[in-house]
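J.: Need coordinates for the following:
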Amino acid sequence: MIPAHPILRSLLAGVVFALGGAFCALVFFRAWTSMVLAAAAAAFMTGVLLWRILLWRRANGRRARGWVTGMWVGILSHPVALFLTLAFFDIGDQFQMPNHGQVLSAFFGGAVYSYGSLLALGWLTVPVGICLGAVMAPLDNE
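T.: Next up, the predicted model:
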């Protein structure tokens, strides 16, 4: 059952997108790495934000908006995932608290490397996002 409160519905959509992001990263990396965790977290954050912005209080064209929202989650989660990986994990997949220079470097690194990530993995993340958005949108009724 879908929760009645719009924020809870956005959080539920974020969880669904996070599962999709983890699935896509596991398919690509074929192992549990820090990137899988970062992909799930990035898909959750972008999913919650975009679901709230693009679908909140819009009854007409809900399925099409779900497709568009899922597409944007599939695209915009790449730079966020790379930022999270570069900021919070080192090469050996050990969690670390970032310093200010590392956060700034991770911001620019995420922006630069996300193009390669989108080219290498976008063929999977965008269709998965579209499918998840299309499934979730009709369920998310006011």
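J.: use CA for all of it now, contacts and neighbours both
T.: Noted.
J.: Near the nearest residue to Gly109 once chain neighbours are set aside, how many other residues are there?
T.: Nearest non-adjacent residue to Gly109, counting by C-alpha to C-alpha, 6 or more residues apart in numbering: Phe83, 7.0 Å away. By other C-alpha atoms under 10 Å, the residues close to Phe83 number 25.
J.: Kindly report the same for the one 5 residues further on.
T.: A total of 20 residues lie near Phe88 under the criterion other C-alpha under 10 Å.
J.: so who does the residue nearest to Gly109 touch?
T.: Neighbouring residues of Phe83 by C-alpha atoms under 8 Å, 6 or more residues apart in numbering: Ala106, Phe107, Gly109, Gly110, Ala111.
J.: Please name the nearest non-neighbouring residue to Gly74.
T.: Distance criterion C-alpha to C-alpha, 6+ apart; nearest residue to Gly74, sequence neighbours excluded, is Val126 at 4.4 Å.
J.: ok so, going back, wait, which of the contacts of Phe83 is closest to Arg62?
T.: Nearest to Arg62 out of the contacts of Phe83 is Ala111 (C-alpha to C-alpha; 30.7 Å).
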